[in-house]
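In: Just need the structure, nothing else, for what follows:
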Amino acid sequence: MKKRVNVNRRGFLKSLAAATAIGTAGALNVPRTAEAGEGKLATLIDLTRCNGCVDKESPACVSACKKIKAGSLPEPVDPIPVPFPTRKVEDWSKKKEVAHRLTPYNLIYVQQAQVDADGGPKTLFIPRRCMHCDNPACATLCPFAANHKFENGAVVIDPETCFGGAKCQTLCPWQIPQRQSGIGVYLKVMPTMMGNGIMVKCDLCTDLLKEGKTPACIEACPQKAMSIGPRSEIYARAEALAAKIGGYIYGKTENGGTSTLYVSAVPFDKLDAVVHRGPGEPGLGAVKRRMAGTDGMGKAVLAAPVIGIAAGVAGAFAALSKRKDRLKKEKR
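Out: Residues are numbered from 1 along each chain as shown. Take a look at the predicted model:
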């Protein structure tokens, strides 16, 4: 399961081709974005079951994810190029053990919420990772088409075409994607002027899904608080559970709907008011889909500056390649 990022010329050209496709796609309603519907998968996270694995050193879902994703990112270059104009480098490579928030090396973590419920204080544990939205703006508006919504419901970032520009993080109402600087295809282009690493988030163990297997976090949960199945079934189960406990559902309408549903006996606005929020620590408030009203022209405008740069870089890259080929021939 260790998929290393192969930063090479082919990966770079792949990203440029994807960017060009965006610029010529009109309304940008590209096939890589799969609408929610029958046959898609969804996950259910039952907060009445999750106990945070308080008897373990680390929650089972967190440990399982870290184990299966270990080694999936290469070590960053040293020193890491400082990008212009942000002058900001994000390096988690020496803090891989961090588990109390989302990082490029920790794709799921468990929040705690201390609330008054059922006549007294109560602690709820909330596993957090990518929501895998039905119509994700992060995928629709990625300038290099590095973010994809697959037919199975998973939203996945392609590490070979991501430049680490963080547009996906900006568009995500929970700011889920995290950046690791010093890795990725941008190092082969203009490392101090264009890009800043790779954006990383939960991919729903898409490789396992393709094999008909269960995502690691779900498989590892000892309380069976997490489950996955056909979207229609998961939605029906969530509705039935919420009705049974007089509870609430989160993810059904948030950001236009998601492939991840939480069910809680406590209102989510009450949970949102007490969970710790910050970088890598998303909230649980009501959110509308960002960029919901953006039309094809607006998307083209957003993509155009990057595509223009890409075209120029592509030309320079091609010229250098031709020159190298010519020099090789002359030496023969």
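In: Please report how far the residue nearest the centre of the chain lies from residue 187.
Out: Closest residue to the average C-alpha location of the chain: residue 201 at 3.5 Å, with CA atoms, centre = their mean. Applying CB to CB, to the nearest Å, the value for residue 201 to residue 187 is 21 Å. All C-beta spots, glycine's among them, are computed from the backbone N, C-alpha and C.
In: Also residue 88?
Out: Remark: distance between residue 88 and residue 187 (CB to CB) = 17 Å.
In: How about residue 111?
Out: In terms of CB to CB, residue 111 sits 34 Å off from residue 187.
In: next one: residue 265
Out: Separation of residue 265 from residue 187 (CB to CB) stands at 49 Å.
In: Who has more neighbours out of residue 111 and residue 187?
Out: Counting neighbours by other CB atoms under 10 Å for residue 111 and for residue 187 shows that residue 111 has the greater number, 21 against 18.
In: For burial, what's the neighbour tally of the closest residue to residue 204 other than its chain neighbours?
Out: Once flanking residues are discounted, residue 204 sits nearest to residue 154: 3.9 Å by CB to CB, 6 or more residues apart in numbering. Residues lying near residue 154 (other CB under 10 Å) number 22.
In: Might you report the residue contacts of residue 154?
Out: By CB atoms under 8 Å, 6 or more residues apart in numbering, the contact set of residue 154 is 41, 132, 203-204, 206, 209, 259.
In: Find me the pLDDT at it, would you?
Out: What the model reports as pLDDT for residue 154 is 96.
In: Filter the contacts of residue 154 down to just the ones in strands.
Out: Members of those lying in strands (criterion: DSSP state E): residue 41.
In: Now render the contacts of residue 154 as TSV, adding distance to residue 283 and pLDDT.
Out: Listed next are the contacts of residue 154 as TSV, based on distance: CB to CB, whole Å; pLDDT from 0 to 100:
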residue	distance to residue 283	pLDDT
41	25	96
132	18	98
203	22	98
204	21	97
206	26	94
209	28	94
259	19	97
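In: Relative to residue 289, how far out is residue 196?
Out: Counting by CB to CB, the gap from residue 196 to residue 289 is 26 Å.
In: Pick out whichever of the two has more residues nearby.
Out: Each of residue 196 and residue 289 has its neighbours counted (other CB under 10 Å); residue 196 has more, 26 against 19.
In: ok but that one is inside a helix, no?
Out: No - read with DSSP: H, G, I helix; E, B strand; the rest coil, residue 196 is coil and lies in no helix.
In: per-residue confidence at it?
Out: The model reports residue 196 with a pLDDT of 95.
In: first to last residue in stretch 262-278, what's the distance?
Out: Terminal residues of stretch 262-278 are spaced 20 Å apart (CA to CA, to the nearest Å).
In: do stretch 107-126 as well
Out: 14 Å.
In: All good on my end, thank you.
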